[in-house]
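Asker: Predicted model, plus sequence, below.
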Amino acid sequence: MKKIAVYPGSFDPITYGHLDIIRRTLTIFDEVIVAVARNSQKSSLFTTEERVALIQQVLHEEKRVTVDTFTGLLIDYVSSRKAHVIIRGLRAISDFEYEFQIAQMNSSIGQDIETLFMMTSVQYGYLSSSIVKEVCSLNGNIDVFVPPEVKAALRLKYGLD
């Protein structure tokens, strides 16, 4: 049986930190589903379709990664994809407290689904999509934070090109 993990998030936009988690997850699992959350209550810079397209562009050579979207409960989505593991990246203790609560809730709803916390690599411990957007909006250099495709899309969104 294939070992499938789901890596959910908003990915607005995807960063090198996200990509690091995906690539490290592929050393443990046969397939990773990057599940982009459709959340109408959250204000995003990129539409869901744009985020999916960017992730697909960046990961086009990785055949073991599928990019999908979901609405509703993550635990229902994971079950529908026949996966048994949710991957969550942690940067700091503050991330853990929130993620731990969500993992406990998910565990009480879907007892056959585990949450695996993966610490970010040291060089990405400070990185977030919000920081990347802020630096880019101020015309700062974001080369070390995101792939070229994402940088180009961000600069276009902010009218910097």
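Answerer: Ah, there it is.

Asker: Show me what counts as buried in the longest helix seen in the chain.
Answerer: Longest helix in the chain by number of residues (criterion: DSSP state H): helix 93-109. By neighbour count on 16 or more other CB atoms under 10 Å, the buried set for helix 93-109 is 95, 99, 103, 106. In this view, the C-beta of every residue, glycine as well, is placed from N, C-alpha and C.

Asker: Kindly report the same for stretch 48-63.
Answerer: Quick answer for stretch 48-63 (16+ other CB under 10 Å): 48, 50-52, 54-55, 57-59.

Asker: Which residues does that stretch contact?
Answerer: With contact meaning CB atoms under 8 Å, 6 or more residues apart in numbering, stretch 48-63 is reached by 10-14, 19, 22, 26, 34, 36, 38, 44, 46, 65, 67-69, 147, 149-150, 153.

Asker: do stretch 98-107 as well
Answerer: Contacts of stretch 98-107 (CB under 8 Å, 6+ apart): 74-75, 86, 88, 90, 113-115, 117.

Asker: Now the buried members of those.
Answerer: By 16+ other CB under 10 Å, those give 74-75, 86, 88, 90, 113, 115 as buried.

Asker: Just give me the closest of the residues you listed to residue 6.
Answerer: Taking CB to CB as the measure, residue 6 lies nearest residue 86 of those, at 5.5 Å.

Asker: Contacts only, for that closest one.
Answerer: Counted by CB under 8 Å, 6+ apart, residue 86 has contacts 5-8, 74, 78, 103, 106, 113-116.

Asker: just residue 127 next, same as before
Answerer: 15-17, 91, 120, 145.

Asker: Off-centre distance for the helix or strand bottoming out on mean pLDDT in the chain?
Answerer: Within the chain, no helix or strand scores below helix 93-109, which has a mean of 86 by mean pLDDT, DSSP states H and E. The chain centre lies 16 Å from the centre of helix 93-109; the measure is CA atoms, centre = their mean, to the nearest Å.

Asker: Good, wrapping up.
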